[in-house]
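**Q** one predicted model, sequence on top.
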There are 2 protein chains.
Amino acid sequence: MTSTVPARPALAPEVAENLVHRVNVGDSLTRTASRHPERTAIVDGERRWTYRELNAWVNRLAHGLAARGYARGDALALASGNSAEFLLTYYACAKLGVVCVPINLGWRADEVAYVLQDSGARGLVIEAQLVGALAPAVEQSPGVGEVVVAPGTGTSADTTGLTRTVAALDDVLAAETGDPEVVVGDRDPITYLYTSGTTSAPKGVMGNHLAIYLESLTMALEAKFDEDDRFVAMLPMFHTAQLNTHCTPAIMVGATIHVLRAFDPAVLLALIERERVTQIFGLPVMYRAMLDHPEVTTRDLSSLRRACYAMAPMPEAQVRRAIEVLGCDLYLLFGQTEMSPTATLFRPEHQLSHPGAVGTPVVNVQLGIMDPDGALLPPGQEGEIVYRGPHTMTGYLHNTEATDRVFAHGWFHSGDIGRVDDDGILWFTDRSKDVIKTGGENVASLEVERALYADASVGEVAVLGLPHERWSEAITAVVVPAAGQRVDPDALVADLAGRLDRYKLPKSVIVVDELPRTSTGKIQKNVLRERYADHYEG
Amino acid sequence: MTSTVPARPALAPEVAENLVHRVNVGDSLTRTASRHPERTAIVDGERRWTYRELNAWVNRLAHGLAARGYARGDALALASGNSAEFLLTYYACAKLGVVCVPINLGWRADEVAYVLQDSGARGLVIEAQLVGALAPAVEQSPGVGEVVVAPGTGTSADTTGLTRTVAALDDVLAAETGDPEVVVGDRDPITYLYTSGTTSAPKGVMGNHLAIYLESLTMALEAKFDEDDRFVAMLPMFHTAQLNTHCTPAIMVGATIHVLRAFDPAVLLALIERERVTQIFGLPVMYRAMLDHPEVTTRDLSSLRRACYAMAPMPEAQVRRAIEVLGCDLYLLFGQTEMSPTATLFRPEHQLSHPGAVGTPVVNVQLGIMDPDGALLPPGQEGEIVYRGPHTMTGYLHNTEATDRVFAHGWFHSGDIGRVDDDGILWFTDRSKDVIKTGGENVASLEVERALYADASVGEVAVLGLPHERWSEAITAVVVPAAGQRVDPDALVADLAGRLDRYKLPKSVIVVDELPRTSTGKIQKNVLRERYADHYEG
C-alpha cells in the first residue's frame, strides 16, 4: 500500500472528535463534492462550477479568511445580489464557523448600519456596484475593519468616502484547496438573519448549523429533491427562504442551481426550456406574471417536476391555472425566519381539496394552536400558531428577553393566528397584530382579502384597519385592479355584502397601481397604515 | 377563544429552550402521532396500535418510569425478542433521556452480566420467558435494582433465584398520556449497544439522539420511505440495523411496522401477500431461504417496493434471481454499529453493473480510504475504510483510549479494508484483522470467498487462515453445499485454479452442514478458527 499524500501529524483528540461527528452545513458541500464531483453545482450567467470546483473555491476562500484572522464565532457581513459569490461566501463562513450576516438590499442605509453594528461584523463582503451606496453605513460602523469586493455586475466599485481596508475577493482566496479542519459546534450560529422590521427594530435571528442542516434534509425528503434536479434561484438569497429551503438542500443532494439576479418571466420561461429546469420557487405574484406572459404557452415546460410558492396562499383560480399550465405538482411553503424557515408544506394533493390552507407540518416540526394562557387547543379552535422542533432558531441576538418570550411554554410563538381542521391541515387566519378591531368586533383582514380576491376585477389587495372616530378602526381595502380591469369601489362592496358579515365589509376601498413591498415581496401594511393614517379624518 | 385545557404554569426558560428546538428520537414519535394519529403504527400478532395509541402508551411508560426515579442519563437494560414492547421501552427511554441498553439474546450469561454491570443499568425490562435464563446474570449485577416483566411469549416468568423487586410492565404504566416535558440534550446517549465481541471483550457503543435521528432521516430520504410503507421487522431489534435503519425511520415517517419474532420464509411470504408489505429487510441467507421456498411463486408479492439486504454482499446469481422473483428494487445496507449504522448504500441501479460492491456513501457520511499514516488515498488504492459525519457514535463507554484510537485523524476507523473505484463506488475487501498471511503474501479472504461463490455447488463459505508449519497461515475454505448439491473438494480447487492466483488457492476445503453465526447472523470466523486450529497438525 503506497501513499501519494504525506503522512500528517495527529490531530488533538478534541479536534478529531469534532470533525468525526459534528453537524456543519459546510460539510454537506464537502460530502457532495466527494459523492458527485463532476456534477454541475452552480450556473451563474456564462460561469459554471462542478461540485469539485465549487468546493475547492469555497475552501480557498475559507483558508483566505482564516489567514486574515477570521475564526469561529466572528461575524462577516455579506451584501450581494444573487450570485455564485453569495453561496461561496456563505459556505466558506460555514466551514470556518464564522457567522454570515446577509444584508437585505432593500434596507435603508441606517438599517444597514444598525445591522453591521448589532451583529458585530468585523468585515463586509460586498458586490462592487453596491459599494457606493453602502459606504456611509460602513463608515458609521467602526467594527467593520475591512471590505472585500466581489465582482458583482461588473461596475467598478465607488470607494469614495470609504476609509477601510479594501481587498478584491480574488486576492483573498488562498492557494490551499483542501477542506479546513477546525472545530465548529452543531449549534454554533451560521447566520444572523435580521427580520425585515415591518413592526419594530430589526431583530437578529440566530440560525444554527443543526437547524439549517435539518431544514435542508426536510426539504430534500418532503419536497423530493434529488441529484437530477435543476433549480432556479430567483428569490433573494439574503432571505432564508431562497437560501435554506432551496439552495442548501440542492447542494446537499448534488443538484444544479441556476442563479438569476432577478425575476423576469420571459427570462425564466426561456431558462426552463433551455436548461430543462425541474424545480422553481417564487412568490404568487411571480407565478401570475409567468402565467400572464405570452410565452408560457410556446415554451417547453415539460421538464418541470415541482413548482413551489412561498409564504402566502395563492387565490384558488390561480392555483388551478398554474397546475394546468405548468403541468407539474404545485406546493406552498409556509414558515418564518425563526423556523429556518419551513414549518408546514401545503402539499400537492391538498391544493384543490383545501384551497387557501397553508398545509401540514414537516417531519421536524410539531404544530400547535395555543391560547393566551399556554394551553393547546383542539382542532377547529382558533389561536396562536406555535411550533416546536429542531428547525427553531437559537434565539434573538443580544435579546434573551425577546427569546424567552417567544419560547414561552416550550413552543415558538409565531405571532400568527390560525386553526387546524379535522384533516390536520393548518389554516392561517392573520398576523396576531394584524387583527382589525372594529366596533368592538375582531376581524381577520385575511378573511376580507379572500372574499375580495374572489372578484375578477381585483388583482391584489391589502386589507387594514385605519383610525376612525366611530369604529375605532375602519376596515379598509387597498386594491390593485387586475390586468385590463377597472375597480368600482361601490359595486365591489355591494358584491361582498352577500358573502361577508356586515361588520366585516370595508368602509372604504382605495384603488392604487401597486402595493408597497419589502425586498422579499411581503406587502408592507405598516407603510399603508402610515400613508392613509388620516384617511377618515375631517 | 375558549380553552378546553387548563392554563399551565410557565416553564423555566432552560426547559422551554430545550423543548422548543432539541433533537430527540422520542419527539419523532410525538410528531408522527400528531401528523398521522389514525395510521397504524405497529402490528404484533393480533395486536395493533395506531400512532395516537402508541404515543399514549409510550408516554404512560415514560411517566411510570419517571415516577420510579428514572431520569436523564440513567441506564435501563432491555432483554426482549422482537415485540411492540421492545419499541415501547426504547421510545419511553428516549423521551425521558434514559439510556436503553438492549441485551443481545445470543449472549452467554457472563456476557449479559458484564453488560449489565459495565452499562450501570439500574433496572431491566425483560420478557417473561427470558427471566429464568437471565436471573443468574441479574444476581451478579448489584446495580440492577428492579426487574420489569413484559408479557413476551406468554410463558409465566420463572423468578426462582431472583432477589430483586419484580414488577409487571402493565403495573409500571402511569395513567398520564401526555408527552413528558423534561430536558434531553441533542447529544445525550440514547443507547449503549454492545458490539458482539467476535474478537475482544464487548465495547459499549454510545449512540446519541442526534446520530440516530439523522440515521432515520437518511434512510427515509435515500431509501425513499414514506407513510404508505408497510415494513416487516424480522431481524433482531436489539441490533442497530433493524432498530435504527428500519424501525426508527418507519416511525419518523408514519409507516406501519409488522413485528415478526423470528424469520420463517413461509410466514414472511404469507404476510407480504396478506398485509401488502412494501419493504423487507433481511440477511442474504434469508433471501436465499425465501427464493428457495415453493410458495415464492404462488404468493402475491406485487406490493413489494424495496428489498434491503444487510451488511454483506450477495452472490451475483442470487441478486439476479432476487430481482427477477421479487420484482422490486434491491439494495444493500453497509455500515456498523459505530455509524448508527448506515455508511453506504449499494443502490438498486448499481446491483447488476457493479456486482459485489458495497455502494456509495449516504448523505450524512463522508467516505475515505486511509493509509496507516493517516493519509487519504486516491481511487483504486486499497486501505482502511474510514468515515466521518454525524451518524458517528459519541464514543465507547468508559473507554476514551479506544475512542481516541478509532477517531484518529478526525475519521472513524472502521477496521475494514477496501477501495473506491473510478465510479466512486466502495468495494469491501476484508476485515483488516481477517487478512490471511500465507507464504509471505497477504490474501483477502473475501476474494477467495467470491471466487468460491461462483461455483454452483457452493451454498455458503467462510475462508480463513489456519496455523500451518510451512505457510504460516494456510488458506482454508469451510463450505456448506448448495441445496441438493455435493461438494468435491479436489474438483472445487481445480476449478478455482484458472480464476485465482496460485497462492490464493485453498490448501484445504472442509465440508460442513452449517456455519456458526452470531445471533445477528454474522459468520463467526473466530469459532471456526478455534474449531479447526489443529487441522494442519501432525
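**A** Received it, and whenever you're ready, just let me know what you need. Numbers count the residues shown, from 1 in each chain, chains lettered A, B, ... in the order given.

**Q** can we go C-alpha only for contacts and neighbour counts from here?
**A** Noted.

**Q** where is the longest helix in chain A?
**A** When chain A is parsed with DSSP state H, its longest helix is helix A:51-67.

**Q** send the alpha carbons of the helix or strand following it over as CSV?
**A** Once the chain leaves helix A:51-67, the next helix or strand it forms, by DSSP states H and E, is strand A:75-79. Coordinates of each C-alpha in strand A:75-79 appear next as CSV, following Å, rounded to 0.1, in the frame of the first residue of the first chain:
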residue,chain,number,x,y,z
ALA,A,75,-19.3,37.7,12.1
LEU,A,76,-18.8,38.6,8.5
ALA,A,77,-21.5,40.7,6.7
LEU,A,78,-22.4,39.9,3.1
ALA,A,79,-24.1,42.5,0.7
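
**Q** next SSE downstream of strand A:75-79?
**A** Counting by DSSP H and E, the next helix or strand C-terminal to strand A:75-79 is helix A:84-96.

**Q** what angle do that next one and strand A:75-79 make?
**A** Orientation note: helix A:84-96 sits at an angle of 170 degrees relative to strand A:75-79 (axes from the mean of the first three to the mean of the last three CA atoms, to 10 degrees).

**Q** could I have stretch A:327-337 exported to CSV, CA atoms only?
**A** Extracted in CSV, the C-alpha atoms of stretch A:327-337 (Å, rounded to 0.1, in the frame of the first residue of the first chain):
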residue,chain,number,x,y,z
GLY,A,327,-48.3,20.7,-15.7
CYS,A,328,-46.4,19.8,-12.5
ASP,A,329,-47.0,19.5,-8.8
LEU,A,330,-47.7,22.7,-7.0
TYR,A,331,-47.0,23.3,-3.3
LEU,A,332,-46.8,26.1,-0.8
LEU,A,333,-44.0,26.6,1.7
PHE,A,334,-45.1,28.3,4.9
GLY,A,335,-43.0,29.3,7.9
GLN,A,336,-40.8,32.2,9.0
THR,A,337,-37.1,33.1,9.5
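
**Q** if we can go back for a sec, name the helices or strands packed onto the longest helix of chain A?
**A** helix A:25-35, strand A:40-44, helix A:84-96, helix A:169-172 (3 or more CA pairs under 8 Å, 6 or more residues apart in numbering or on different chains; DSSP states H and E).

**Q** for these, which one sits closest to A:T392?
**A** Of all the helices and strands packed on helix A:51-67, helix A:25-35 sits nearest to A:T392, with 15.7 Å by CA to CA.

**Q** so the closest residue to chain B within the stretch 51-200 of chain A, which state does it fall into?
**A** Nearest residue of the stretch 51-200 of chain A to chain B, counting by CA to the nearest CA: A:E181, 8.7 Å away. Following DSSP: H, G, I helix; E, B strand; the rest coil, we place A:E181 in the coil state.

**Q** now A:L193
**A** Counting by three-state DSSP, the backbone at A:L193 sits in strand.

**Q** mind listing what it touches?
**A** Residues counted as contacts of A:L193 (CA atoms under 8 Å, 6 or more residues apart in numbering or on different chains) are A:V101, A:P102, A:G204, A:V205, A:M206, A:G207, A:H239, A:T240, A:T337.

**Q** assumed the fifth one was part of a strand.
**A** Yes. Assessed by three-state DSSP, A:M206 belongs to a strand.

**Q** for the stretch 101-250 of chain A, which segments count as helices?
**A** For the stretch 101-250 of chain A, helices defined by DSSP state H, counting those that start in this stretch occupy the ranges A:109-118, A:131-139, A:169-172, A:209-222, A:240-242, A:248-253.

**Q** export those to a markdown table and tack on distance to chain B and mean neighbour count?
**A** As requested, the helices of the stretch 101-250 of chain A are exported to a markdown table (distance: least, CA to the nearest CA, whole Å; neighbours: other CA atoms under 10 Å in any protein chain shown):
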| stretch | distance to chain B | mean neighbour count |
| --- | --- | --- |
| helix A:109-118 | 23 | 20 |
| helix A:131-139 | 34 | 19 |
| helix A:169-172 | 27 | 16 |
| helix A:209-222 | 5 | 25 |
| helix A:240-242 | 18 | 24 |
| helix A:248-253 | 7 | 26 |
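
**Q** once you drop chain neighbours, what's closest to A:I103?
**A** A:A79 (4.9 Å; CA to CA, 6 or more residues apart in numbering or on different chains).

**Q** over to A:H293?
**A** Once flanking residues are discounted, A:H293 sits nearest to A:P265: 6.9 Å by CA to CA, 6+ apart.

**Q** chain B versus that neighbour, what's the distance?
**A** 33 Å (CA to the nearest CA, to the nearest Å).

**Q** now do A:T40
**A** Note on A:T40: its distance to chain B, by CA to the nearest CA, is 16 Å.

**Q** hang on, isn't that residue packed against A:E53?
**A** No. Contact criterion CA atoms under 8 Å: A:T40 and A:E53 do not qualify, at 9.2 Å.

**Q** check contacts around the residue of the stretch 51-200 of chain A closest to chain B.
**A** Residues near A:E181 by CA under 8 Å, 6+ apart: A:V15, A:L19.

**Q** separation between it and B:H409?
**A** From A:E181 across to B:H409, the span is 10 Å (CA to CA, to the nearest Å).
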